[in-house]
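# Coordinates for the following, if possible.
(2 chains)
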There are 2 protein chains.
Amino acid sequence: MTFEEKTISSETIYEGKILTLRKDLVEVKDGGTSYREIIEHSGGVAVAAVTEDNKMYLVRQYRKAAEQDVLEIPAGRREHDEDPLVAAMRELREETGFTARKISHLSSFYATIGYCTEVIHVYMATGLTPGETDFDEHEAIELECYSVEELKQMVFDGEIIDGKTITAILLVAAKLGL
Amino acid sequence: MTFEEKTISSETIYEGKILTLRKDLVEVKDGGTSYREIIEHSGGVAVAAVTEDNKMYLVRQYRKAAEQDVLEIPAGRREHDEDPLVAAMRELREETGFTARKISHLSSFYATIGYCTEVIHVYMATGLTPGETDFDEHEAIELECYSVEELKQMVFDGEIIDGKTITAILLVAAKLGL
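Next up, the predicted model:
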């Protein structure tokens, strides 16, 4: 244990649709106090949908935070108290139409641990069966398919700019020995 | 190109020490409008400090957002307009004392692309020379050293919970063929 920053007081600054911003006054090591700006988020889920011949389905969509189209694995927000696995299967079906016969947990991690509570849960889905997509309101999504080897090269070439997608590609490649 | 969400109006809700929160009204595909909550952040840098015998130095510190001690590669915030490479070398020295003879870019990615502008730039530092640490005010940091193979196993076992650290470990392992 290094030093637990106990909360002295906490102020909610903004409660939005997808996030809450709070400011905590905390105890710090030298006996003083400091402020911590914290974004509260219910968590994300993401799915590496892998075919029998080691290809992966990704989605391309406009991301306002990046002000550009971004290639990502299917992903979405976990509803409060929702099982991440259930959320992952829902997002996969909504964004790609696929249902999976098998889904296994790859990794769960804090996306940006300095100031945000969001944990992203990444799964690998196999035994894919195509079906109807069901985009959320206003989503404009294109489906693309690449081999895991291609995707790994795209990571090294800087062509994948989404963190959870890079992590998923590298985990899948390591699992498959590619 | 899928559909560019042009900004109709933008409202700054909070300007803090490390982040700014704004709410954009944007055009969406069906001709309607929608709100996007966006966290503005100047960016992060992180360094995989790799020894000649394929070990990596990590730091353990309390993270308020996770309410626990977290094992991470040395990292910090990029000052506005600061070269990420300069920031990375500064954070490495401050948190571990090491200077590096060689530092190379591994990856740059959006940490949580749905609502945050933060790009994390990850570097690999080699040719390490020990020196004095210089922690930021109130930082309580412990230095630990593991082999890349151990770290890769810790990723698969769910013992590493920080996204950028998982990415860095997998990238270094892939680069070194481990």
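
# Outline the domain layout of chain A.
A:7-40, A:44-176 (automatic domain parsing).

# for the first one, how far is the first residue from the last?
In domain A:7-40, first residue to last residue: 15 Å (CA to CA, to the nearest Å).

# Could you list the low-confidence segments of chain A?
A:1, A:136-139 (pLDDT under 70).

# wait, isn't A:R93 in contact with A:V86?
No: between A:R93 and A:V86 no contact is recorded; they are 11.0 Å apart, counting by CB atoms under 8 Å. All C-beta atoms are positioned from the backbone trio N, CA, C, and that covers glycine.

# quick one: A:D24 and A:K6 touch, right?
No: the pair A:D24 / A:K6 is not scored as a contact, 9.6 Å apart, by CB under 8 Å.

# higher neighbour count, those two?
When neighbours are counted by other CB atoms under 10 Å in any protein chain shown, A:D24 and A:K6 differ, and A:D24 comes out ahead with 18 against 10.

# what lines up beside the helix or strand in which the more buried one is found in the sheet?
Secondary structure from DSSP states H and E places A:D24 in strand A:20-27. Using DSSP bridges, strand A:20-27 pairs in its sheet with strand A:7-15 (antiparallel), strand A:33-40 (antiparallel).

# The following helix or strand past the shortest one and chain B, are they touching?
Sequence-wise, the next helix or strand downstream of strand A:33-40 (DSSP H and E) is strand A:44-50. Yes: part of strand A:44-50 sits near chain B under the criterion CB under 8 Å from any CB of the partner chain, namely A:G44.

# elements contacting strand A:44-50?
strand A:55-63, strand A:75-77, helix A:84-96, strand A:99-110, strand A:119-129, helix A:163-176 (3 or more CB pairs under 8 Å, 6 or more residues apart in numbering or on different chains; DSSP states H and E).

# Deepest in the core, which of these is it.
Highest mean neighbour count of these: helix A:163-176, a mean of 23 (counted as mean count of other CB atoms under 10 Å in any protein chain shown).

# Let me know whether that helix sits next to chain B.
Yes: applying CB under 8 Å from any CB, one finds that helix A:163-176 is in contact with chain B at A:163-164, A:166-167, A:170-171, A:173-174.

# My guess is A:L151 contacts A:M56. True?
Yes: contact criterion CB under 8 Å: A:L151 and A:M56 qualify, at 6.1 Å.

# In contact with the residue of chain A positioned farthest from its centre, which residues?
Most distant residue from the mean C-alpha position of chain A: A:G31, 36.6 Å away (CA atoms, centre = their mean). Counting by CB atoms under 8 Å, 6 or more residues apart in numbering or on different chains, A:G31 touches no other residue.

# do you know how far it is from A:F3?
11 Å (CB to CB, to the nearest Å).

# And A:N54, by the same measure?
Distance from A:N54 to A:F3, by CB to CB: 46 Å.

# Likewise for A:A66?
35 Å.

# Go through the helices and strands packed on strand A:44-50 and name the closest to B:I38.
Proximity to B:I38 (CB to CB) singles out strand A:55-63 among the helices and strands packed on strand A:44-50, at 10.1 Å.

# Show me what that closest one is packed up against.
strand A:44-50, strand A:68-72, helix A:84-96, strand A:142-147, helix A:148-156, helix A:163-176.

# go with 10 Å
strand A:44-50, strand A:68-72, helix A:84-96, strand A:119-129, strand A:142-147, helix A:148-156, helix A:163-176 (3 or more CB pairs under 10 Å, 6 or more residues apart in numbering or on different chains; DSSP states H and E).

# before we move on, the earlier item: go through the strands paired with strand A:20-27 and pick out the most buried.
strand A:33-40 comes out most buried of the strands paired with strand A:20-27 by mean count of other CB under 10 Å, with a mean of 18.

# report the angle between the axes of that one and strand B:55-63?
100 degrees (axes from the mean of the first three to the mean of the last three CA atoms, to 10 degrees).

# What's the separation between A:G16 and A:E40?
10 Å.

# Contact partners for A:L21?
Counting by CB atoms under 10 Å, 6 or more residues apart in numbering or on different chains, A:L21 touches A:11-15, A:37-40, A:115, B:13-14, B:16, B:19, B:21, B:37, B:39.

# sorry, back to before: now list whatever residues contact both of A:L151 and A:M56.
A:48, A:73, A:165, A:168-169, A:172-173.

# I'd like the helices and strands packed on strand A:44-50 as JSON lines, with distance to B:G97 appended.
Listed next are those as JSON lines, based on distance: least, CB to CB, whole Å:
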{"stretch": "strand A:55-63", "distance to B:G97": "38"}
{"stretch": "strand A:75-77", "distance to B:G97": "38"}
{"stretch": "helix A:84-96", "distance to B:G97": "39"}
{"stretch": "strand A:99-110", "distance to B:G97": "26"}
{"stretch": "strand A:119-129", "distance to B:G97": "31"}
{"stretch": "helix A:163-176", "distance to B:G97": "28"}
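
# so who does the nearest residue to A:V26 once chain neighbours are set aside touch?
Excluding its sequence neighbours, the residue lying closest to A:V26 (CB to CB, 6 or more residues apart in numbering or on different chains) is A:E5, at 4.0 Å. For A:E5, the contacting residues are A:24-29, A:33-34, A:36, B:62-64, B:67, B:138, B:140, by CB under 10 Å, 6+ apart.
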